[in-house]
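K.L.:
next come a sequence and a model predicted from it.
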Amino acid sequence: MAAVSEDTWTKVSTEATTEFVKTYYPALGSNRQSLGSYYSLEPTTILFNGNGVVDGAAVQEIFMNQMSPAHYEVQSYDCQIINRAYPTRLPNGELKPKSEMGVKDMSLLVVVSGFVRYGEGRDQPQRGFSETFVLIPNPSAERARGRKDWLIQSQNFRLVV
């Protein structure tokens with residue numbers, strides 16, 4: 001991997017986090033049929049208030065069939081690079097060679113906080129939330145336009161009391 005400046009790492013990780021937050025939270029409210037596409041097909045750890053959820057398809061099913069309408073208001077988010085050379089599996093199952101890795105082959109820790117309102121009306125009470133994600137590179141993002149560059153590998157959502 002060619003030498004990448006700290007500014008480039010910071011810029012790419014910040015842009016990735018911003019793009020994720022600006023698309024994921026609106027999807028929770030009004031594009032729930034797309035939620036499964038945010039998750040890695042690899043084994044994931046997903047917790048909502050301490051309750052485990054199997055995978056992204058199960059998250060999508062819960063939001064589409066069990067959750068009342070929701071409006072999320074993100075107040076803050078931050079990211080930290082976990083691994084600058086995340087071992088990504090190619091669609092053929094092989095690991096991507098390190099010589100082909102670029103700046104988008106990192107994994108990220110993303111922390112988000114804000115408010116959520118469940119229900120139709122604006123008069124519904126707001127609840128605080130805190131959420132932590134581990135995002136990993138999407139191995140098929142290079143091959144398909146419109147695909148997400150980053151996928152959720154781990155997620156922990158908590159309503160703040």
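P.N.:
It's in. Numbering: from 1, shown residues only.
K.L.:
any idea which strand is longest in this protein?
P.N.:
In the chain, assigned by DSSP state E, the strand with the most residues is strand 70-83.
K.L.:
just checking: what are the partner strands of that strand?
P.N.:
When sheet partners are counted by DSSP bridges, strand 70-83 sits next to strand 107-118 (antiparallel).
K.L.:
buried residues of the longest strand of the chain, list them for me.
P.N.:
For strand 70-83, the neighbour count (16 or more other C-beta atoms under 10 Å) marks Ala70, His71, Tyr72, Val74, Tyr77, Cys79 as buried. Every C-beta, even on glycine, is put in place using the N, C-alpha and C of the backbone.
K.L.:
repeat that for stretch 37-55.
P.N.:
Buried residues in stretch 37-55, counted by 16+ other C-beta under 10 Å: Ser37, Tyr38, Tyr39, Ser40, Thr44, Ile46, Phe48, Val53, Asp55.
K.L.:
ok, now how distant is the closest residue to the fourth one other than its chain neighbours from Ser99?
P.N.:
Put plainly, it is Ser40. Computed as C-beta to C-beta, 6 or more residues apart in numbering, the closest residue to Ser40 that is not its neighbour in sequence is Leu151, at 4.1 Å. Noted for Leu151: a distance of 23 Å to Ser99, by C-beta to C-beta, to the nearest Å.
K.L.:
which residues of the chain score low on pLDDT?
P.N.:
1-2, 141-147 (pLDDT under 70).
K.L.:
separation between the most centrally placed residue in it and Glu100?
P.N.:
Closest residue to the average C-alpha location of the chain: Ile152 at 4.2 Å, with C-alpha atoms, centre = their mean. Ile152 sits 24 Å away from Glu100, taking C-beta to C-beta as the criterion.
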